[in-house]
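**Q** All I have is the shape, not the residue letters:
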């Protein structure tokens with residue numbers, strides 16, 4: 001899953017919001033594909049990077065929306081979205097926190 005690693009790097013190294021949003025969306029699509037893909041996304045340490053994108057001052061609404069749509073980790077080990085552990089975050093299912 002080399003693509004997952006490269007997309008994860010784009011989240012922290014790419015300065016453009018729209019490219020980070022595209023990387024977040026792509027990771028979400030990959031993670032939804034199969035449990036193995038979901039595991040690869042989780043093992044690439046993507047979720048702390050997604051959180052950094054979400055809370056960054058000046059993050060676009062599009063980027064925040066795409067970050068919140070990455071929910072593939074829930075199929076691995078937990079019923080709690082990883083971003084739920086970080087305070088009040090709006091996810092597709094509502095406000096958590």
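**A** Noted; the coordinates are in hand. None of the values given here were measured: they were computed from a predicted structure. Numbers count the residues shown, from 1 in each chain.

**Q** In three-state terms, label residue 59 for me.
**A** At residue 59, secondary structure determined by DSSP: H, G, I helix; E, B strand; the rest coil is coil.

**Q** Tell me how many other residues surround it.
**A** 16 (other CB atoms under 10 Å). Quick note: C-beta positions are derived from backbone N, CA and C, even for glycine.

**Q** Hmm, residue 53 and it touching each other?
**A** Yes - counting by CB atoms under 8 Å, residue 53 is a contact partner of residue 59 at 6.1 Å.

**Q** Show me where the chain has its strands.
**A** Using DSSP state E, the strands found in the chain span residues 89-91, 94-96.

**Q** Distance of residue 42 relative to residue 15?
**A** Applying CB to CB, to the nearest Å, one obtains 26 Å for the distance of residue 42 from residue 15.

**Q** the more surrounded of these two?
**A** More crowded of residue 42 and residue 15, by other CB under 10 Å: residue 42, with 19 against 6.
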